[in-house]
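Undergrad: Show me how the following folds:
(2 chains, ligands or ions: 2)
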Amino acid sequence: MGNDPIDTQLSSSYKYGFSIDIEADTFPPGLNEEIVAALSAKKKEPEWLLQWRLKAFRHWQTMTEPTWAHVEHPPIDYQAISYYSSPKDTDGPKSLDEVDPKLLETFEKLGVPLHEREALAGVRKVAVDAVVDSVSVATTFRKELEEAGVIFMPISEAVHAHPELVKKYLGSVVPIYDNFFAALNCAVFSDGTFVYVPKGVRCPMELSTYFRINEAMTGQFERTLIVVEDEAYVSYLEGCTAPMRDENQLHAAVVELVAEGSGEIKYSTVQNWFPGDEEGKGGIYNFVTKRGICKGNRSKISWTQVETGSAITWKYPSVILKGDDTVGEFYSIAVTNNRQQADTGTKMIHLGRNTTSTIISKGIAAGRSDQSYRGLVSMGRKASNARNYTQCDSLLIGKECGAHTFPYVDVKNSSAQLEHEATTSKVSDDQVFYLRQRGLSEEDAVQLIVNGFCKDVFRQLPMEFAVEAQKLLEVSLEGSVG
Amino acid sequence: MLEIKNLHASVNGSPILRGIDLTVNKGEVHAIMGPNGAGKSTLSKVLAGSPEYEVTEGSVKLDGEDLLEMEAEERAAAGVFMGFQYPIEVPGVANSYFLRKAVNAQRKTRGEPEASSVEILRAMKKAMAFLEMDAGFRNRPVNVGFSGGEKKRNEILQLLMLNPKLALLDETDSGLDIDALRVVAKGVNSLRDPEHAFVVVTHYQRLLDYIVPDVVHVLVDGRIVHSGPRELALWLEEHGYGAIKAGDAGDAPRLEA
Ligand SMILES: Nc1ncnc2c1ncn2[C@@H]1O[C@H](COP(=O)(O)OP(=O)(O)OP(=O)(O)O)[C@@H](O)[C@H]1O
Ligand SMILES: [Mg+2]
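TA: Numbering: from 1, shown residues only, chains lettered A, B, ... in the order given. Ligands and ions are numbered 1, 2, ... in the order given. This is a model prediction of the structure:
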């Protein structure tokens, strides 16, 4: 452990046990209008937001869970979930000694710094202290961001600090009626991130939730809203490559991106939630709605994602290309192993003229996992000269996994151009033998093949993220051969 | 260096190698010739540790160690290299990256320190210049879209970079134009010294003008049926395999006992 001040601080904090002020209440399980109102009151939300939540809740009650995704799971009992619980209130382990050794092993492999391991493993109380470091780092960044005029704060804070912006944009991309999980999120969203980049500003750094480990426990129903004005740019990194310990089985986040004028948003995600054990038990269900709108002419939105976690993933980051000459991109790597199921893809909705979208999807299935790519490219009547390029590649490792591709196309303008390429390949025995003959172990050989397969997407990730993502892939596919 | 005794191997229960005996000493070059389907590639792959084949009988020793007990990657690290008749494509993986991985994987297995990227790149540039390969091949994905001859040349690049004790070259000459043949031979010959040994599988005696073998073996139906000096290859070119296959080598040059 050494003399790292954080470590010292961590171990010394054990002596004092847990202070009472970090204990907080939890709502009883169940969902009704009182719960929604209480949640809003707890956060001291303005009336308009309360009404908005209630409207969403009432609508949600009329909806049914979608069943068309190519995934299977036992029914979710929405009345059995508690919709408010203080982050520190979870029955987290008291120290790393109590944390699942497998999780620790993974941290080791990923090279997660020691003081972060505890925060990620959800070691209670300790997490708060350990994050002191991150908080101070975050504060330094905040100052620099403020000077640039960039707003980067929890959305619960933004509701109070910048009500006009939140009111204007919240629900403007993913309306409360959008889908079952989005409506649920609108009704009960816990917290999340708000980013605003004013006109002409290039955000001076990559924004990352990483600096907000303490707030990452906002968990289940996260809400993210990112707005860039004309000529503004931001690159946002969501998530962390280390697996998060999480008690919540159901996650239904909503992410909304708005690019005004010629603004540009680059949104990168690495998602590595607990996928469940080899039989798929205990994993997280990730039902997330992510959508961006390119409102202004020449604006651009780019989604890049590396998905290795969760038992079930249901996720289609989309772009509405409303302005003329706008650009939408989707680069995705999805890895499933053991019993994981993933149904992901994207929607590119071309409304403006000369709009361009690019979709590169790389799916890797191993073990007995199953994954689907589901993509929609729609070109509206006014979308003259719209172009789309789609490339969907699947790589199978072993004989018991499956990959499916469901491309949907809806074209209402005859000048539209679409190009679609799809391949399914296997990690062949010949390839593995060739690489082993040159000295690589069987696992390294598969790794190299997988990395090569994913290269087009890795290239899109910010450098350090790409390195972490590669490591993550290695860990996720461990034991998938032989 | 290499000692093969009564080696039998089969695939899905059907025997392909039916009792191979072959001894290759340090510094020697052995050529293996034989008709299509005789088992030449199978022999190389079995020696290299391909899991495709099951060894049913016999033994193989490399410098006294039991080769058959080792995994393919352990054999590679122990100094066995196989040049593939059909080199495999690895999309998205740059040639240079692959070589760095391979060199360092072998070093690691042998307990040697890893080479730096700079060292490897330098060696690679040198080897590529020697093999008259365009620098563009450094960053191209391994063998993807390479012409047949380019793939073979790339195998020799790997050979030079990995510097094995024993190289099994399976039809490295097929598909090569005359200039490429000369370059490939130059690559192989540059490693020839008293420490290295080669087993060269070929259909054409012309390769042996460039890579002059100490011994030529004829492999038929999974057995070595005849061995002779370099001149045997010339004789085979003239007479074909018919007589030898029928068990009558006649005046075919043979090794003095
Ligand atoms: N994996 C396999 N499955 C089935 N049969 C195989 C397999 N590998 C080799 N064989 C068979 O074994 C025999 C020997 O094949 P091998 O490739 O070793 O021949 P070769 O001597 O290299 O021929 P060539 O000169 O055409 O390259 C052939 O009949 C071939 O069809
Ligand atoms: Mg052959």
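Undergrad: So the nearest residue to residue A:380 once chain neighbours are set aside versus residue A:334, what's the distance?
TA: Leaving aside its chain neighbours, residue A:380 sits nearest to residue A:351 (4.8 Å; criterion: CB to CB, 6 or more residues apart in numbering or on different chains). To be clear about C-beta, it is placed using only N, CA and C from the backbone, and glycine gets the same treatment. To residue A:334, residue A:351 is 27 Å away according to CB to CB, to the nearest Å.
Undergrad: Just want to know which of those two has more residues nearby.
TA: Higher neighbour count among residue A:351 and residue A:334: residue A:334, with 27 against 20, using other CB atoms under 10 Å in any protein chain shown.
Undergrad: hmm, back to that, wait, doesn't the residue nearest to residue A:380 sit right on residue A:319?
TA: No - using CB atoms under 8 Å, residue A:351 is not in contact with residue A:319; the gap is 10.6 Å.
Undergrad: hang on, the earlier thing: and the residue nearest to residue A:380, what does it touch?
TA: The neighbourhood of residue A:351, defined by CB atoms under 8 Å, 6 or more residues apart in numbering or on different chains, consists of A:320-322, A:380, A:382-383.
Undergrad: Next: residue B:84.
TA: Contact analysis of residue B:84 by CB under 8 Å, 6+ apart lists A:434, A:437, B:155, B:170.
Undergrad: Can you pull the phi/psi pair for the second one?
TA: Pointing back at residue A:437 there. As for residue A:437, its main-chain torsions (degrees, to the nearest 10) stand at phi -60, psi -30.
Undergrad: Same question for residue B:183.
TA: Torsion angles, degrees, to the nearest 10, at residue B:183: phi -70, psi -40.
Undergrad: Looks like it contacts residue B:153 (just checking).
TA: Yes - if you go by CB under 8 Å, residue B:183 and residue B:153 touch, sitting 6.8 Å apart.
Undergrad: Report the set of residues contacting both of the two.
TA: residue B:131.
Undergrad: Residue B:89 looks like it's in a helix, true?
TA: No - secondary structure of residue B:89 (DSSP: H, G, I helix; E, B strand; the rest coil): coil, not part of a helix.
Undergrad: any idea how far it is from residue B:151?
TA: As for residue B:89, its distance to residue B:151 is 9 Å (criterion: CB to CB).
Undergrad: got it, and residue B:68?
TA: Taken as CB to CB, the span from residue B:68 to residue B:151 is 29 Å.
Undergrad: Kindly report the same for residue B:58.
TA: With CB to CB as the criterion, residue B:58 and residue B:151 are 32 Å apart.
Undergrad: Between these two, which has more neighbouring residues?
TA: Between residue B:58 and residue B:151, residue B:151 has the larger neighbour count (other CB under 10 Å), namely 20 against 17.
Undergrad: Surely the more buried one is in contact with residue B:87?
TA: Yes - between residue B:151 and residue B:87 there is a contact under CB under 8 Å: 4.2 Å.
Undergrad: excluding its backbone neighbours, what's nearest residue B:117?
TA: In space, residue B:117 is closest to residue B:100, 6.1 Å off (CB to CB, 6+ apart).
Undergrad: Just the strands from chain B, written as ranges.
TA: B:2-11, B:14-24, B:29-33, B:54-62, B:65-66, B:80-83, B:166-170, B:197-201, B:215-220, B:223-228 (DSSP state E).
Undergrad: can you tell me which residues contact residue A:52?
TA: Neighbours of residue A:52 in contact, by CB under 8 Å, 6+ apart: A:170-171, A:176, A:186.
Undergrad: Could you check which helix or strand contains it?
TA: Per DSSP states H and E: residue A:52 is located in helix A:47-61.
Undergrad: what are the C-alpha coordinates of that helix, in PDB please?
TA: C-alpha atoms of helix A:47-61 as PDB (Å, rounded to 0.1, in the frame of the first residue of the first chain):
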ATOM      1  CA  GLU A  47     -43.300  23.000  -9.800                       C
ATOM      2  CA  TRP A  48     -42.800  22.700 -13.600                       C
ATOM      3  CA  LEU A  49     -40.500  19.700 -13.100                       C
ATOM      4  CA  LEU A  50     -42.800  18.000 -10.700                       C
ATOM      5  CA  GLN A  51     -45.700  18.400 -13.200                       C
ATOM      6  CA  TRP A  52     -43.400  17.100 -16.000                       C
ATOM      7  CA  ARG A  53     -42.600  14.000 -13.900                       C
ATOM      8  CA  LEU A  54     -46.200  13.400 -13.100                       C
ATOM      9  CA  LYS A  55     -47.200  13.700 -16.700                       C
ATOM     10  CA  ALA A  56     -44.500  11.200 -17.700                       C
ATOM     11  CA  PHE A  57     -45.600   8.900 -14.900                       C
ATOM     12  CA  ARG A  58     -49.300   9.000 -16.000                       C
ATOM     13  CA  HIS A  59     -48.300   8.200 -19.500                       C
ATOM     14  CA  TRP A  60     -45.900   5.400 -18.500                       C
ATOM     15  CA  GLN A  61     -48.800   3.700 -16.700                       C
END
